[in-house]
Structures are given as C-alpha cells and as structure tokens.
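> return atomic coordinates for the entry below.
(chains A, B and C)
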Amino acid sequence: MTRRRLKKLVVGRRIARVATTEPSYFFLTPPKTLARRLVGRTGTGLERHGKYLTLALDDGSALLLHLGMTGQLFASNAPGVRLLRFTDRKVASSRGRDFRPDSHTHLRLAFADRGPSVYFRDARKFGKCQWLAPGATSPRLERLGTDALRIDAQSLYAMCRERRVSVKSLLLDQSAFAGVGNIYADEALFLARIRPARPARGLSKHECVKLSASVRAVLRRAIQRGGSTISDFVHPDGGAGAYQDERRVYARGGEPCFICRRPIARMLIGQRSSHFCPRCQK
DNA sequence: CAAATCCCCTGCAGGC
DNA sequence: TGCCTGCAGGGGATTT
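Okay, the predicted model is just below:
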C-alpha cells in the first residue's frame, strides 16, 4: 500500500531539492552525500523488499528506505500547507490533524515540477536511508529471505526443519521470511493456533500449512487496512493504523481471548514481547 | 549455529 | 500538576 501510493509520487518526477536533518545513524549515507546524489535524478521504479523500499533512479543508482517502527511518509499537497499522510487510509484531515515538517522530518524530496514534496519523518530514527551506487548491492537486501506475502507451507516446513529456534523467532527472522514484524507474527500464530514459544522443529506439516496461510492472510489484511502504519498504533503520534482494530492478541495481555474469553498471556521471546492465548494456542 | 545483550531514540504510561 | 523512570521496538553488531 505504501509502495503503491509512494510510487505515483516519486516515479517519473525529477528531484530538484533535498533537505535533511543532521547526520545520525538514520542516514547510512551521510545526508550531504545523499542530497548531492539525489538532486537532478528522476525515479524510474519503486520496489518493496520485505520491509525495505528501493527507489530506482535514472542513473542506475537507488535510494534505499526502511521505515523502522515509527517511520512515516508524507506528501504535501501544496507547499507549506497541510500534509497528506499517505500511509493512512484516509486523508489526515479526517482525524483533524495537521502534519508539518519538524525536527523529526529527516528527508524531504522536492521535485522540479513543483508538485507535492515527499517527506520521511521518523521520531525514533529506527528507520534507514541509504544511497546505493549504480550496480551496488546492499547486504541488507541480500540477506532477506522469501517475501512473507508469498510464504508457502513447504518452504516454511523446510525452514522449520533446519532452524533450532522458536517459531516466533523464525517468523521474525528477515533472512528466513522477509516482511513479518512482531505484531503480525503474534497475530498469525494466533490464527494458526500455535504458541509462539514452540520450537520451530516441532511443527507438523499441517501446522505449517495453517501458519503459512495465516501469515499471508494477516499481511494481506493489514495492507488492505491501511498499509504499514501498524507500527505506530502503539505510539499513535501520527494517527493509528486501521489494522489496530483487528488485533486479536497483540498488546492485549490480560484481556479476554476473543474465542475462549480467557486472559491473553504475554511473554518475552528473543527480547520481543509476545502475546498468545494459552488455551486456544497449542 | 543459537541465544542473550547492547545500542540507537523518543513518546508515553505509571508512580509519586 | 509535574517530574522521573521504565518500557517499547527493527535490526545489526557483539558477546557468550
């Protein structure tokens, strides 16, 4: 969803100006270098790789983006005016909020056609921004496994056989399947009725069928419901993603399970909070 | 190979 | 009311 909306805003438009914040580890490429490389370039394509986006540029280079947890992409409808937050389903005004560039807005791309600028804001700086030279590869991208939207039972089962980690950790491992975050992992495991702490090796083929289908369903649904804004529903500093209303277990510790009414449990797995129903999930 | 720990950063909730 | 503390989280690096 984010990719599709962003695509219209960056592909085929020539970048005229680039504004950044000060150097920080948000910028894998120093911001001044980044700006120098981007000015004058025209986007030729926008692809998603797991949680990464790459904007291909007309000189063969590319811009790599990762939204991290709190990353937000905006487009301005007119300079200096209210910003449309296109990771939201509805226009920002429906929530009565204005989005304006602030100290957390690390990147602004302004275009030669004087149309809407694109802004990348990230309060926590867990997001990433990198310029990739023509022909350059990124270790980050090369590490990624199969896109989780295309996860299938057989490859999941095969992966379960060769890894000695919990099934939750396996789902979160981007080198196994790219694109599953903490929330989606918990939700998919609930749908499949599998406990997150289960060793991956212990999953049956049938469970892998259920789990792979659940992962695909959860991701598809989340995309439908408003793209990747899910990450900021916990800290709704820019409006909540619509998928939050469909959570069944995530951040519902102590609240009743929607199926059996028993309290949802919470535990740490691989330093990540995990939520599940002790009764419904085996 | 796996798992634990740390780090980056800041908004927010809870305690007093 | 306001300050302080702790927590959360993606993912890479480092250590056990």
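
> just the strands from the stretch 151-282 of chain A, written as ranges.
Using DSSP state E, counting those that start in this stretch, the strands of the stretch 151-282 of chain A run over A:177-178, A:265-269, A:272-276.

> show me what from chain A comes close to DNA strand C.
Applying CB under 7 Å from any atom of the strand, we find that chain A lies next to DNA strand C at A:50-51, A:66, A:68-70, A:124, A:126, A:140, A:143, A:172, A:174, A:181-183, A:231, A:234, A:251, A:271-273. The way it works is simple: take the backbone N, C-alpha and C, and place the C-beta from them, glycine included.

> and these, which of them are buried?
Using 16 or more other CB atoms under 10 Å as the burial test, these include A:50-51, A:66, A:68-70, A:140, A:172, A:174, A:181-183, A:231, A:251 as buried.

> DNA strand B contacts on the stretch 51-200 of chain A?
Going by CB under 7 Å from any atom of the strand, the residues of the stretch 51-200 of chain A near DNA strand B are A:104, A:123-126, A:162-166, A:169.

> repeat the analysis, applying 10 Å as the threshold.
A:68-70, A:102-104, A:122-126, A:159, A:162-166, A:169-170, A:173, A:175-176, A:199-200 (CB under 10 Å from any atom of the strand).

> coming back round to it: columns mean pLDDT on top of the strands of the stretch 151-282 of chain A, output as a markdown table?
Formatted as a markdown table, these follow (pLDDT from 0 to 100):
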| stretch | mean pLDDT |
| --- | --- |
| strand A:177-178 | 93 |
| strand A:265-269 | 88 |
| strand A:272-276 | 89 |
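
> one step back: among the buried ones among the residues of chain A next to DNA strand C, which two are most distant?
Spatial extent of those (CB to CB) is set by the pair A:140 and A:251 at 27.8 Å.

> return the helix or strand in chain A with minimum mean pLDDT.
Least confident helix or strand of chain A, by mean pLDDT, DSSP states H and E, is strand A:83-84 with a mean of 61.

> separation between residue A:159 and DNA strand C?
In this view, residue A:159 and DNA strand C are 16 Å apart by CB to the nearest atom of the strand, to the nearest Å.

> is it correct that that residue is in contact with residue A:211?
No. The criterion here is CB atoms under 8 Å, and residue A:159 misses it with residue A:211 at 11.0 Å.

> which of the two has more residues huddled nearby?
Between residue A:159 and residue A:211, residue A:211 has the larger neighbour count (other CB atoms under 10 Å), namely 26 against 21.
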